[in-house]
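Asks: Just need the structure, nothing else, for what follows:
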Amino acid sequence: MTLLTRRFLRQAGSITSQRSLWTRVSSTAPTLKACIDQCLADLPLDNKKGQPSPTVCFALISKSFQGDDYTAAIKDLTHRWGNNNTTSVMGCIVDRTASTGDDGSDGHGVNLLVGYDEHIQPFQVFDSPQRQKARSISVGRWGQVHDFDRFKYEDNTLDTLGWDSFQTISRPPQQHVHVLDNDDSTDSSSKNQQQPSFILMASDHEPDQVLHSLDQVYPTTPKLGIIGASTPFVTGEPYTFFYQGQIMHAGMIGFAAYQSSTSLISQVTVRHPDLEPLGSTFEITRARGNIILDLDDQGATRRLLDLIHQGKVAKDEAFYLSMQSDNQHEDSVVARITSGDPSRGNMAVDTTLDLHVGQKVQFMKRKAVTEGALEPRDLLNSCNDHSMVFGVVDLDHTIDAMGLAKTTNISNSHSSKHQVFGATSENGMIVGKPGRPSRLVQVPFSIITVD
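Replies: Below is the predicted model of the structure:
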């Protein structure tokens, strides 16, 4: 589906040095231009005479600046290298950016990931009538405002064919998307297939078609991404991405890196420190797609209601399900329970992974609020210990939901740091571990660390 994607291969062949270097810089300042200028000034190699331009620059910008600042700042950043046809400049607006925790920024600022002497291939995926939407039609999900956009493009199979048409959530789309130049063959075992060392991306809420395609061709490649922050009150659009100076409000941007000797992403860990178990584990005895019918031969919703009554938990809380992998060495996948029918026992889980009979699951809930409750800044405080740190916040804790006095205070701070890169988003993160399907992490206060 080449109409959906735009791909440009950046070869490192013209660079004499075979050394690979990834540089991470962060900055906070009152204006977006000041942040970007400080980041660029702090790049250790870009200011040395004779140093070639970087191969790629991936930018994360918090949504705490003035709305008019973004277009001009993105243009300035792109013009720094983007016109030389050797540097790929891309990025997106996020909720908060990573910092060391001692600069008073609380996530207000800019993070840049800059690669020198790298063999990378950037990609850009456009929104179009051919783009297949998975999350807008998942059974059991509550409707969202952006879900209505899919009616411009797609029929709802459940509306036209009924329940019998629903067998699976995670079946890959019938039409493969050729995201990278060398993935035209879906045979991942081809001897000539060059596997990227990692893939980094940013997306709107519909990355599944691209993720399925990348997983088919590059199953052992680590994949990491961020679902862009919601920006309707910042830029007037649902999302804000940029790619070589072009601003996008839907779709995906990213790059694949091929320098195998210095992979920036080798191990990805997902933690949910704000959740605690509710009851013991159960075994799925009946399920269909992302719908659980029975747990231990009893209705799934009835099981949850019994635990709520026993634990004297408020029914209006959000509840989650921890789904264990068949491989006990793999992390459990945690997703929100979106709906339930006590009369029938059916329960819908917010996942595109198929649940299956015999799988072990456990209900989870948010921990009780205490003086030591997790704060959004806590999600990114470990950035000094990892190469990247990402987090998921809820809608009540985004940076634009803060009080005016606090926002003014962080906007007046100035600071810059090296080897810091990461962000939070209220819309989730993308995690693809080697040999496992790529998935979205959308549980509030989840932490994703990269080593």
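Asks: rest of the way, CA atoms for contacts and neighbours
Replies: OK.
Asks: Could you tell me how many residues sit around residue 129?
Replies: Other residues within reach of residue 129, judged by other C-alpha atoms under 10 Å, total 12.
Asks: now it: how far from residue 251?
Replies: Applying C-alpha to C-alpha, to the nearest Å, one obtains 12 Å for the distance of residue 129 from residue 251.
Asks: cool, and residue 197?
Replies: Going from residue 197 to residue 251 by C-alpha to C-alpha gives 23 Å.
Asks: Please name every helix or strand in contact with the helix or strand hosting residue 253.
Replies: Secondary-structure assignment from DSSP states H and E places residue 253 in strand 252-257. Helices and strands touching strand 252-257, as assessed by 3 or more C-alpha pairs under 8 Å, 6 or more residues apart in numbering; DSSP states H and E, comprise strand 88-94, strand 120-125, strand 198-203, strand 241-243.
Asks: what is the rounded mean pLDDT of stretch 40-59?
Replies: On average, the pLDDT along stretch 40-59 is 78.
Asks: Stretch 81-90 too?
Replies: Taken as a whole, stretch 81-90 carries a mean pLDDT of 79.
Asks: begin at 27 from here
Replies: Understood, numbering begins at 27; the last thing we discussed is stretch 107-116.
Asks: Now do that stretch: everything it contacts.
Replies: Stretch 107-116 is touched from outside by 36, 79-85, 103-104, 148, 267-271, 279-280, with contacts defined as C-alpha atoms under 8 Å, 6 or more residues apart in numbering.
Asks: and if we set it to 7 Å?
Replies: For stretch 107-116, the external contacting residues (C-alpha atoms under 7 Å, 6 or more residues apart in numbering) are 36, 79-85, 104, 148, 268-270.
Asks: Please report how far residue 471 lies from residue 365.
Replies: Distance of residue 471 to residue 365, computed by C-alpha to C-alpha: 21 Å.
Asks: more crowded one of the two?
Replies: Here residue 471 and residue 365 are set side by side on neighbour count (other C-alpha under 10 Å), and the busier one is residue 471, at 27 against 18.
Asks: Outline the domain layout of this structure.
Replies: Described in terms of automatic domain parsing, the domain architecture of the chain consists of the residue ranges 28-152+201-296+405-476, 297-392.
Asks: quick one, which of those domains is packed in tightest?
Replies: With neighbours taken as mean count of other C-alpha atoms under 10 Å, the domains of the chain reach their highest mean count in domain 28-152+201-296+405-476, at a mean of 20.
Asks: follow-up on the earlier one: which one of the domains of the chain has the poorest average confidence?
Replies: Least confident of these, judged by mean pLDDT, is domain 28-152+201-296+405-476 with a mean of 83.
Asks: can you give me the strands in the stretch 227-376 of the chain?
Replies: With DSSP state E, counting those that start in this stretch as the definition, the stretch 227-376 of the chain shows strands at residue ranges 249-253, 267-269, 272-274, 278-283, 294-297, 301-314, 317-321, 324-325, 345-349, 359-366, 373-375.
Asks: so which of these gets nearest residue 413?
Replies: Between residue 413 and those, the shortest gap by C-alpha to C-alpha is with strand 294-297, which sits at 10.3 Å.
Asks: I'd guessed residue 455 sits against residue 252; true?
Replies: Yes: when contacts are counted by C-alpha atoms under 7 Å, residue 455 is listed as touching residue 252 (4.4 Å).
Asks: now residue 351, nearest residue through space, not along the chain?
Replies: With C-alpha to C-alpha, 6 or more residues apart in numbering as the measure, residue 358 is the residue that lies nearest to residue 351, at 6.0 Å, once sequence neighbours are left out.
Asks: Against residue 407, how distant is the one you found?
Replies: The span separating residue 358 from residue 407 equals 24 Å under the rule C-alpha to C-alpha.
Asks: now do residue 264
Replies: Applying C-alpha to C-alpha, the value for residue 264 to residue 407 is 28 Å.
Asks: All set now, cheers.
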